[in-house]
Every structure is written in C-alpha cells, then in structure tokens.
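Peer 1: just the structure for this:
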Amino acid sequence: MINFDEEFPKESIKIINNLIDDIYSYFMEIGGNLEFEDIYATVFPEHMQDDEHSAMQDLKTLHSYIRDRFSHNLNPLYEYVLFNILYFVYDSSDDGFNVGDIVSKYLTDDIVRKLDEDTLRILRDIETPYDLIGIIFEDIDFLDVGELFEIYKNQPQIVTNFSTLI
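Peer 2: Got it, this is the predicted structure:
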C-alpha cells in the first residue's frame, strides 16, 4: 500500500490504493498490446526508456507496493512513474477514465461510518485519475528534478546560496 498522507485514515488510503490498482491494471492491459516503447517506456524519465528489463522490473515493484498490505513511501522515480501512469490513463481516455462508480463500490456502509465528513467528501469528489494526482502528491517537484540538476551543474552557487537562506 502506498502511503501518501499520514493524516488520512487508513480506510481511505486503502480505497485510494484500490483505485490506483484499477488504473494501473488498465494501463498495463493497454501496454500489453503494444510495443514497450509505445506505452510503458513513456512513463519513465527519458534516460531510462531504453532499458526495457529494468523498467518492467520497476513497474512490477511499483505494482507490488500498491497491492501489498505494507506501507510504502515512494522514492522520486516511483512517484514520477505513478504520476505519469495516472496522467496517461486520464489523458488517453475520452471521459478521463471515470472512477466515480469504483469509489462508490468501495464506500460500503461500514467504511462510511468510520470516516469523517471531510474524508468522505474528498473520496466522493474523485472522478478521474487526475483527481487522484491532487490527493496523492503533495507537490510534483519530482517532475523538475532534471532541470534543477542542470541548474545546479551549471550554477551551483544558486543552490548553495539558496540553502543558506533557509
């Protein structure tokens, strides 16, 4: 299970991980019908898109993190990959891959009794994978790591000077 917010009740984290699993499975099903570089490779940083074996192993590991019962904090690579999977499924679907009905399925009476109104509102407002991006990721700075690293390589004083201000 991916841990994305320690303040979120465990029941809601399970629901969101179930949604991620459904979206991930859909992504893998689509990709299974195409060449590696057409789908799977596109969710990885460019420098990793040529290593099919490693990428498929990372996808498998990410899937196990989503499905198992242990709490996992994602490293920046897995955040990047998950973000791109969610965005790919959202962007490539005519309706944004509506998951509202799936959320309703997971909101059983027993679960609803355990959750507060704010958490229920957040869960009920999830309609697409794009909505999940706003919940799962506190920020999306991992998308800019390459650019930030280039700035550091070319002008390290910017990063060094900035860190003394903090």
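
Peer 1: can you list the weak-confidence ranges in the chain?
Peer 2: 139-153, 156, 158-166 (pLDDT under 70).

Peer 1: the most centrally placed residue in it in helix, strand or coil?
Peer 2: Most central in the chain under CA atoms, centre = their mean is L82, positioned 3.4 Å from the mean C-alpha point. The assignment at L82 comes out as helix when based on DSSP: H, G, I helix; E, B strand; the rest coil.

Peer 1: kindly report the same for the one 4 residues further on.
Peer 2: Using three-state DSSP as the criterion, the local structure at L86 reads helix.

Peer 1: against N84, how distant is the closest residue to it other than its chain neighbours?
Peer 2: Leaving aside its sequence neighbours, L86 sits nearest to P129 (CB to CB, 6 or more residues apart in numbering; 4.1 Å). C-beta coordinates here come from the backbone N, C-alpha and C atoms, glycine included. Applying CB to CB, to the nearest Å, the value for P129 to N84 is 11 Å.

Peer 1: try K14
Peer 2: Using CB to CB, K14 is found at 23 Å from N84.

Peer 1: thinking again about what came up before, for P129 and N84, indicate the residue with more neighbours.
Peer 2: Each of P129 and N84 has its neighbours counted (other CB atoms under 10 Å); P129 has more, 28 against 17.

Peer 1: looks like the more buried one contacts N98 (just checking).
Peer 2: No. Contact criterion CB atoms under 8 Å: P129 and N98 do not qualify, at 9.6 Å.

Peer 1: look up how far N75 lies from K60.
Peer 2: Computed as CB to CB, the K60 to N75 distance reads 15 Å.

Peer 1: same thing with S64?
Peer 2: 14 Å.

Peer 1: other residues contacting whichever strand or helix holds V103?
Peer 2: Under the criterion DSSP states H and E, the helix or strand holding V103 is helix 100-106. With contacts defined as CB atoms under 8 Å, 6 or more residues apart in numbering, helix 100-106 is touched by 15, 18-19, 22, 123-124, 126-127.

Peer 1: pretty sure R124 sits against V112.
Peer 2: No. At 9.9 Å, R124 does not count as touching V112 under the criterion of CB under 8 Å.
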